[in-house]
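1. Fold the following for me, if possible:
(chains A, B, C and D)
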2 protein chains.
Amino acid sequence: MNSEKKIETAASAGKRKKPITAQDLMNAAVKLLDSHRSVSSLSLREIARAAGIAPNSFYRHFRDVDDLAVALIDQAGRSLRGVIREARQRLSLERSAIRTSVEAFMEQLDAEQKTLHILLREMSIGSPAFRQAVDRELRYFEDELCEELTRMAKVTGHATYEPALASKAITRLVFTMGAAAADLPPEERGQIIDETVVMIKMIMEGAQSLAKRSAKK
Amino acid sequence: MNSEKKIETAASAGKRKKPITAQDLMNAAVKLLDSHRSVSSLSLREIARAAGIAPNSFYRHFRDVDDLAVALIDQAGRSLRGVIREARQRLSLERSAIRTSVEAFMEQLDAEQKTLHILLREMSIGSPAFRQAVDRELRYFEDELCEELTRMAKVTGHATYEPALASKAITRLVFTMGAAAADLPPEERGQIIDETVVMIKMIMEGAQSLAKRSAKK
DNA sequence: CATACGTCAATACATTTGTATATATAACCG
DNA sequence: CGGTTATATATACAAATGTATTGACGTATG
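-> Residues are numbered from 1 along each chain as shown, chains lettered A, B, ... in the order given. From the prediction side, this is the model:
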């Protein structure tokens, strides 16, 4: 009548000295994610197993798997904002602003691999808290971009039609393309970058053109 | 020692006359999807329960839950192509082509509700077969749009810079915005439509402007 | 030193899951 | 009629899951 005999002895053997941190658990969870699994499809036990702790110890760090997921999103968001800031600095130094920014984004996608993938892939799925967290990060991105656009307008004299909307369009596009690039062999990512750059140029060119037109009228 | 006593007696009682169709199962699955559940998170038993059949009967119709999911995507795609065709007809009659098309898209989103949501939400998740199916539908959309763009170019004289890329940008944007609209109260969708329309105009304006510029050079 | 606390493992249990096996019933065809 | 085939069911079981309970062990605090 009893189940669960004596299996499930943790990653045992190795005498655990250091207490496991929440970050350890998050890393373990990330390692379990391949291109066709969502965070919320991971089971508590699975994550605990990967982290080498007993299932119940999970509760010491997170209330839920969803709770952990939100923490992951926050982390991804922080890394993302780092990308933006870096891209921004390059922006003021070099001329080909768009390309270098997109490249920075995709590079980070490569480096921080999974963490950022999560944000990209799970934008649309998961618990409300989850989605909310992603949305927050997206808006950060948009706002910074918008600010940058209006700043550039003053410098170059090219006004932008509806900077907030243009920013939103660009942001969504970059993220969508990023998500597409995320599960593509690295050698094909160059093309995605090229495409994205052209798309952004279209939007900016269009926004500036519309600005002139509506100013003339 | 036995488990599973006598529960799980189907939706029993009602004497089943008609055999259950694959479509019935698909509908049952769709009914189970709310805004924060992915198709692949549904269990076989759950779907069977909702359809009122025994768990094993599921196998008569689909090999997998994923198999069913692909069927759902196909269905959503077919409905989507209907939207495009309809939008296309309006396109030749009215002037505000973009707006009416976007409205048609969002309308269909409202009508066929869940089915289309699935396609929108699960673009990025699920088994490879799943994703492939979505990609196929997306490409249909892109191709038709691209065709339409070049056709319009000849009529209006406004050439488009890289019609394929512009189509891709517009498609991704419409889908992304559609996904955002999908889990929003209906009264806020009008704004999403407005935003999407402006975004598309930016892209088209930009693509045309770039076309002129590269022609001049 | 004692005692409380934070961190973890072990055991247990009720549920749920996917699927194997066997069976019943209707329809169809010779 | 008898036999085959498609459809659906019931029963069963091993595996996995979330969580409750209990206690071990170290560290810090009184």
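
2. in the helix or strand of chain A with the lowest mean pLDDT, what's buried?
-> Lowest on mean pLDDT, DSSP states H and E among the helices and strands of chain A sits helix A:113-121, with a mean of 73. By neighbour count on 16 or more other CB atoms under 10 Å in any protein chain shown, the buried set for helix A:113-121 is A:114-121. Quick note: C-beta positions are derived from backbone N, CA and C, even for glycine.

3. average pLDDT for the helix or strand encompassing A:R213?
-> Assigned by DSSP states H and E, A:R213 belongs to helix A:189-216. For helix A:189-216, mean pLDDT is 93.

4. Identify each buried residue in the one helix or strand A:D67 maps to, please.
-> Taking DSSP H and E as the definition, one finds A:D67 inside helix A:65-93. The neighbour-count check on helix A:65-93 (16+ other CB under 10 Å) flags A:65-73, A:75-77, A:79-80, A:83-84, A:86-88, A:91 as buried.

5. Between helix A:113-121 and that helix, find me the angle.
-> Interaxial angle of helix A:65-93 relative to helix A:113-121 (axes from the mean of the first three to the mean of the last three CA atoms, to 10 degrees): 100 degrees.

6. hmm, helix A:65-93 in reach of DNA strand C?
-> No - using CB under 7 Å from any atom of the strand, we find that helix A:65-93 stays clear of DNA strand C, coming within 13.6 Å at best.

7. for the helix or strand following that helix, packing partners?
-> Downstream of helix A:65-93, the next assigned helix or strand under DSSP H and E is helix A:97-111. If you count contacts as 3 or more CB pairs under 8 Å, 6 or more residues apart in numbering or on different chains; DSSP states H and E, helix A:97-111 packs onto helix A:65-93, helix A:113-121, helix A:163-182, helix A:189-216.

8. which residues are contacting helix A:97-111?
-> Contacts to helix A:97-111, defined as CB atoms under 8 Å, 6 or more residues apart in numbering or on different chains, come from residues A:79-80, A:82-83, A:86-88, A:90-91, A:94, A:116-117, A:120, A:174, A:178, A:181-182, A:186, A:189, A:192-193, A:196-197, A:200-201, A:204.

9. So which bits of it are buried?
-> Neighbour counts over helix A:97-111 (16+ other CB under 10 Å) mark A:97-109 as buried.

10. Just the CA atoms of that helix, as PDB, please.
-> Only the C-alpha atoms of helix A:97-111 are listed here, as PDB (Å, rounded to 0.1, in the frame of the first residue of the first chain):
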ATOM      1  CA  ALA A  97      22.600  53.300 -34.100                       C
ATOM      2  CA  ILE A  98      19.900  50.800 -35.000                       C
ATOM      3  CA  ARG A  99      22.200  48.000 -36.100                       C
ATOM      4  CA  THR A 100      24.400  48.200 -33.100                       C
ATOM      5  CA  SER A 101      21.500  48.300 -30.800                       C
ATOM      6  CA  VAL A 102      19.800  45.300 -32.400                       C
ATOM      7  CA  GLU A 103      23.100  43.500 -32.400                       C
ATOM      8  CA  ALA A 104      23.500  44.200 -28.700                       C
ATOM      9  CA  PHE A 105      20.100  42.900 -28.000                       C
ATOM     10  CA  MET A 106      20.700  39.700 -29.900                       C
ATOM     11  CA  GLU A 107      24.100  39.200 -28.400                       C
ATOM     12  CA  GLN A 108      22.700  39.400 -25.000                       C
ATOM     13  CA  LEU A 109      20.100  36.900 -26.100                       C
ATOM     14  CA  ASP A 110      22.900  34.600 -26.900                       C
ATOM     15  CA  ALA A 111      24.900  35.300 -23.700                       C
END
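
11. Thanks again, I'm all set now.
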